[in-house]
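Student: Provided below for reference: sequence and predicted model.
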Amino acid sequence: MDFSLSPDTPAIAAFRKEVQEWLQENMRGAEHLRWSGIWSTRENEEEYRFRRELARKLGEKGWLFPMFPVQYGGGGLTVDHQLVLETEIGRHGLNLNSVFYTLARLVAPAILKWGSEEQKREFLPPMLRGEVSVWQVLTEPQGGSDVATCRTKALRDGDHYVVNGQKIMVGYHHPPDFLWALVCTDPSGPRHENLSWLYIPGNSAGITIQPMHLMMGIKNSVFFDNVRVPAFNLVGGENNGWKVANTYLELEHGGGGNVTEDPLVVRLVRYCQRTQGDGKTLMEDQSIRDIIADTLIELDVVRLFALRNFWCRYVREPHPYGGVQYIYHQRVVRLRNAERLQRILGYDALVTDLSVHEQADFEYAVRSGPGWLHGGGTLDTDRLIFARRLGLGRPTGEAAPTTV
Amino acid sequence: MDFNVQADTQEISVFRKEVREWLQENMRGAEGLRWSATWSTRENEEEYQFRRKLARELGEKGWLFPMFPVEYGGAGLTIDHQLVLETELDHSGINLAAVFYTLARIVAPVILKWGTEEQKREFLPPMLCGEVSVWQVLTEPQGGSDIATCHTKAIKNGNHYVVDGQKTMVGYHHPPDFLWTLVCTDPSGPRHENLSWLYIPGNSDGITIQPMSLMMGIKNTVFFDHVRVPAFNLVGGENNGWRVANTHLELEHGGEGRVGADPLVERVVAYCQQMRVAGAPLMEDTSIRDIIADMMIELHAVHLFARRNFWHRYVREPHPYGGAQFRYYQRMVRLRNGERLQQIMGCDALVPNLTVNEVVDFEYVVRSGPGMLHGGGTLDTDRLVFARRVGLGRPTKETAPTTI
Amino acid sequence: MDLRLTKTQNMFKRAAADFVKVEAPSHIVTEWFRNKATFLPDLYRKAANLGWLGMVVPERYGGASASFTDCAVVFEELGRVPLPGPLFSSGVLSALLVLEGASEAQKESLLPAICSGRSIVIVAITDKGVDWGTESVETRLTNTTGGFVLDGTKRFVYDAEGATSFICAARMENGGIALVLVNRESPGISITPHVGFMVSVAEVRFDRVKVAASSVLGEAGAGWQILDGALQKALPILCAYQVGACQEIFDFTAEYTRTRVVFGQPIGRFQRVQDHCVELSIHLDAARWVTYEALWKLDSGLPAAAGVHEAKAVASEAYYQVCNFSHMVHAGPGTDYGHPLMAHSLMAHTLYQYLGTPLHHKRKMMDALYPRGKG
């Protein structure tokens, strides 16, 4: 086994040098920005602008989606190149998956797998070049985690679909260029055979977006009132949406993996080395060391699960239950770490004040614990999928869908 | 609220004095015994003999079942008297519920509630006087926790029932005087309406007892081969067994409560004060102190749950979910404490050697963690009962059966 | 990055799996554990013949010059059984200890015998049950004319039963620690197996045992460093053994949820039972990936200390918890000594302690990453 993220063939070493230099050049002027989490209260307009600009520059080089085909705006590169990009951008406190607020990292692979040639040529390049932001629009007020019970209707009318309904708990606080929406195209059809996916322009007439103030920040309700969407924008075939959803959900539910490291422990240790309590630094306190040890170990396991999933995805050998195992465990660990931060930092864990820590937003990490237990399905749906994949109580397990 | 278990009125303090003196007298000769738990590998014949004798002596005074009516062998005393007996016996390291290896503490209340006057006069006195040992005989190999799926048949034949079948995971390593057995009296009847309880003499022809060597010690498989049991011994009415079971199970599943405290933490602290590591007592180690703190707090909560249930039982206001909650939590805490002991004491936690601790058999505590997770139904059935009692996902709640 | 096993490793894996299938079927294993007959000379010889002792020892000393990961792959399969006996304690730990710290002459005389299985060398480290730190070494090594006298009691020695000799950590008169090789037949040695919830652990008493000056391993006084160095390499292989055990438990537990029918359906349909399996899998996979990453670091010559301690903490915790979650699924039948889970439960409790508890190794991990006294 080789866990190395830096294969040192001459070609890759040269590429790494190129990326390093490029980043040095293009990250200039960002030294004072903090790369806060998406829903951190520290986020500001200047940082957002910089992120979008950086995404466009990366996209221009094909580096936002390094392994995607060149003709759609990707880099046409290998997994080794992707690793270089992931790790080098990671050093700057960002990660390739969310340079700015968009879910293209999930939507693009789904369109690559299920779209027609024309759709790929039309939809992918702007996304891969970092020019457009995309929201996923699945959850409904009645359905919650049960996304197959979809009441938002899209009925064919000539060359268009007419969309009516309501989605909830979606997006960010910047408006979307596109909405990747799960809709019901056959209200009388049987469950799982009545769904389709529409790639809906955000500026279509009849869309109303209403922000929701949630524990983790802003999400939105989206109302569709007779929104006319070109039939061309239906991806993956009418009433074939559940199959498309399988690809999509596998990626959302952790199957995509990643290779970046959570900087939490490094920052926590820095805080403890600087902070005095009882005449010595917190780092000299045995109880604190014990708590940090548990934080470190659990985050390390989360990192390894993500790494494994990344690997399984790129060698096209989907792990049977790796995706949900990762996403379940990651969330449980985040919740436990939220308490650990409070035990270590006291009140400092609850304020966004930059004097606590310039880089790490501990308050946001604490709030994310309970606040992020449910996104993309609850802990319980994670475990449900786990049980099906493994075939607990069933003669055979369900196969994990291949993604791209 | 009054948490005092020794709120002695004058009458009660006289009684306490009486009990203390009596115990001082009757515990003489037991100083060398260790009052090991039921399945401890430390148990020995001398201790067993002493326990049986003590039970008989307590029973003679009615003190084994202090609140039971005098005519059946109880003492007809109040809850305050019972508290005195519980706490004073506790000081000697014994508890009233398990003076020796018998489940009379559960079976007697059930017979008191469901038996006919004749049955009570026949069955209760020997039990209440501590003369006979009783096993509960419920679990079957196929059914496991699902005791309503009862394959052991008892078919009426004149003045007798003829019992055929097999029970498993029951009893102790001393033979029983009676078996309190759940049987199917109507093989073609509907579920929950085909069960009855038989109070079967242990020396009946056709009973074979085969010991099983388990993690927590000896339990047994019991085979019934054409065992003839007088019809008189059917308690609570033919095919009414499920209702009787409700009383029985509520008591078994934690509803009986307890006032005694677990001496574990005290003994762990004593061990840590004596044991020196790197020149200092283990008790000076911050990590160890943290672990003991968690242990102490959890055991205290378990103790308070048990005390609450005890109180609810004796004021005849059954707690809706207290029994199942207590038992579930108690078992989880025991499991966690098993690991804590191993962290604190290292290998010493795995040997029953008397030099480790004279009083508490830490090895037995460790082994009980996983070994006693399932007795009388699994953690999962505890939570099922909890959900029904609280009415989770149901318009109405199941009521807790009154016990006595 | 390549997270697959190599072809050779897959070959090792298959060979080990075939071996245990024939030599250690489950119903026989449960009898070994039930009777605490866990030193099996025949089986040990056969394993030696397959080259599994001293795999990581260079060929010139009778080993196979295999990588740590190669060796771990074999031990993972042995852990599935779990195959008892001193394969790890002598064939890996003691072999590495000799390799790490002994003189050339000692290596030449000891290693081929360890690798062939002729000698079974067992390390006796701590005098207490509680602590695995250097302070816990209290057995004394006193100078006499022409050698030393060894005096003390090692309370918990794993795999002592089959030992042909011991490497005993002892406190010298100047306070330093020496590792002394002592023949098991030397007058004054007594071995008392422990009764308790563990396997293959005995108390070894050295009662004024005479030791030749030439029996000190490597440099006297450097004993603890030698031991630390050997543990750094040996521990991840023990972890792989625990990973194999976890994998086996995971497999038979998932299978049990398909075949055990209660309340009218296979128990795997109950979400609570599924939940136990989810937690079980997380412990298994945490142990697996932390262990194999540590092995990769060792094989690649990268700094591995923190990763190794982390692996021992995670794998021992995992084995213990995996057994517990499996007990939740199996309930009563899983507590019967005739059930394979009981062999694992006994082994998990034993290995939780062996060479240091998770708490001990978490502290060592933190000290490796963030030394004390440096802010």
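Tutor: It's in. Numbers count the residues shown, from 1 in each chain, chains lettered A, B, ... in the order given.
Student: Helix or strand: which one has the residue in chain A that chain C sits nearest to?
Tutor: Using Cβ to the nearest Cβ, the single residue of chain A nearest to chain C is residue A:393, 2.3 Å away. In short, each C-beta sits where N, CA and C put it, glycine included. Using DSSP states H and E, residue A:393 maps to neither a helix nor a strand.
Student: Who are the contact partners of the closest residue to it other than its chain neighbours?
Tutor: Of all residues not flanking residue A:393 in the chain, residue C:268 sits nearest, at 2.3 Å (Cβ to Cβ, 6 or more residues apart in numbering or on different chains). The contact partners of residue C:268, taken as Cβ atoms under 8 Å, 6 or more residues apart in numbering or on different chains, are A:387, A:391, A:392, A:393, A:394, C:254, C:257, C:258, C:274, C:277.
Student: Buried subset of those residues as a ChimeraX selection?
Tutor: Command for ChimeraX that selects the buried part of these, burial taken from 16 or more other Cβ atoms under 10 Å in any protein chain shown:
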select /A:387,391,392,393 /C:254,257,258,274,277
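Student: of all the contacts of residue C:268, which comes closest to residue B:294?
Tutor: Set against residue B:294, the nearest of the contacts of residue C:268 by Cβ to Cβ is residue C:277 (26.4 Å).
Student: list the contacts for residue 22?
Tutor: All of this refers to chain A. residue A:61.
Student: Switch to chain B, please.
Tutor: residue B:61.
Student: Buried residues in the one helix or strand it maps to, which are they?
Tutor: Using DSSP H and E, residue B:22 falls within helix B:10-26. Using 16+ other Cβ under 10 Å as the test for burial, helix B:10-26 gives B:12, B:15, B:16, B:19, B:23.
Student: nearest to residue B:362, of the contacts of residue C:268?
Tutor: Among these, and counting by Cβ to Cβ, the member closest to residue B:362 is residue C:277, at 30.2 Å.
Student: List the buried residues of the helix or strand containing that closest one.
Tutor: In the assignment (DSSP H and E), residue C:277 maps to helix C:271-300. By neighbour count, with 16+ other Cβ under 10 Å as the criterion, the buried positions of helix C:271-300 are C:272-299.
Student: now stretch A:350-368
Tutor: A:356, A:357, A:360, A:361, A:362, A:363, A:364, A:365, A:366, A:367, A:368.
Student: Out of those residues, which are close to chain B?
Tutor: Checked against chain B using Cβ under 8 Å from any Cβ of the partner chain, the buried residues of stretch A:350-368 yield no neighbours at all.
Student: what number of residues lie near residue 311?
Tutor: The chain I'm using is chain A. By the criterion of other Cβ atoms under 10 Å in any protein chain shown, residue A:311 has 21 neighbours.
Student: nope, chain C please
Tutor: Neighbours around residue C:311, by other Cβ under 10 Å: 31.
Student: so is it in a helix, a strand, or just coil?
Tutor: Using DSSP: H, G, I helix; E, B strand; the rest coil, the three-state assignment for residue C:311 comes out as helix.
Student: Next, format the buried residues of helix B:10-26 as a markdown table and append pLDDT and distance to residue C:199.
Tutor: Converted to a markdown table, the buried residues of helix B:10-26 look like this (pLDDT from 0 to 100; distance: Cβ to Cβ, whole Å):
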| residue | pLDDT | distance to residue C:199 |
| --- | --- | --- |
| B:12 | 90 | 52 |
| B:15 | 95 | 51 |
| B:16 | 94 | 48 |
| B:19 | 95 | 45 |
| B:23 | 93 | 41 |
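Student: between these, which is closest to chain C?
Tutor: The closest of those, once distances to chain C are taken by Cβ to the nearest Cβ, is residue B:23, at 32.4 Å.
Student: That closest one contacts residue B:88, correct?
Tutor: Yes: contact criterion Cβ atoms under 8 Å: residue B:23 and residue B:88 qualify, at 6.1 Å.
Student: count of residues packed around residue C:134?
Tutor: The burial count for residue C:134: 16, using other Cβ under 10 Å.
Student: Quick check: closest non-adjacent residue to it.
Tutor: With Cβ to Cβ, 6+ apart, the residue lying closest to residue C:134 is residue C:224, at 5.1 Å.
Student: how far away is the one you found from chain B?
Tutor: 14 Å (Cβ to the nearest Cβ, to the nearest Å).
Student: Find the helix or strand that that residue is a member of.
Tutor: Element membership for residue C:224 (DSSP H and E) is helix C:223-259.
Student: who touches residue A:76 in this structure?
Tutor: A:62, A:67, A:68, A:69, A:70.
Student: and the helix holding residue C:224 with helix C:271-300, angle?
Tutor: For helix C:223-259 and helix C:271-300, the angle between their directions (axes from the mean of the first three to the mean of the last three Cα atoms, to 10 degrees) works out to 150 degrees.
Student: quick one: helix C:223-259 to chain centroid distance?
Tutor: 8 Å (Cα atoms, centre = their mean, to the nearest Å).
Student: Just the mean pLDDT for it, thanks.
Tutor: Taken as a whole, helix C:223-259 has an average pLDDT of 97.
Student: so after it, what's the next helix or strand?
Tutor: Next along from helix C:223-259, by DSSP H and E: strand C:261-262.
Student: Which pLDDT value does the model give residue B:34?
Tutor: For residue B:34, the predicted pLDDT is 67.
Student: Actually, residue A:36.
Tutor: With respect to pLDDT, residue A:36 has a value of 68.
Student: helices or strands next to the helix holding residue C:277 in the packing?
Tutor: helix A:286-314, helix A:322-345, helix A:379-390, helix B:379-390, helix C:68-80, helix C:223-259, helix C:305-330 (3 or more Cβ pairs under 8 Å, 6 or more residues apart in numbering or on different chains; DSSP states H and E).
Student: Give me the contacts around the fourth one.
Tutor: Going back to what we said before, that points to helix B:379-390. B:145, B:253, B:320-321, B:323-325, B:327-328, B:331-332, B:373, B:377, B:393-394, B:397-400, C:270, C:272-273, C:328.
Student: Which positions within stretch A:279-291 qualify as buried?
Tutor: Within stretch A:279-291, judged by 16+ other Cβ under 10 Å, the buried ones are A:281, A:282, A:283, A:284, A:285, A:286, A:288, A:289, A:290, A:291.
Student: gap between it and the chain center?
Tutor: 34 Å.
Student: C-alpha coordinates for that stretch, CSV please?
Tutor: This file holds the C-alpha atoms of stretch A:279-291, laid out as CSV (Å, rounded to 0.1, in the frame of the first residue of the first chain):
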residue,chain,number,x,y,z
GLY,A,279,0.3,29.0,35.8
LYS,A,280,1.2,26.9,32.8
THR,A,281,0.1,26.6,29.2
LEU,A,282,-3.0,24.5,28.5
MET,A,283,-0.8,22.2,26.5
GLU,A,284,0.9,21.1,29.7
ASP,A,285,-2.4,20.1,31.2
GLN,A,286,-2.8,16.3,31.2
SER,A,287,-6.6,16.4,30.8
ILE,A,288,-6.3,18.8,27.9
ARG,A,289,-3.7,16.6,26.3
ASP,A,290,-6.0,13.6,26.7
ILE,A,291,-8.9,15.5,25.0
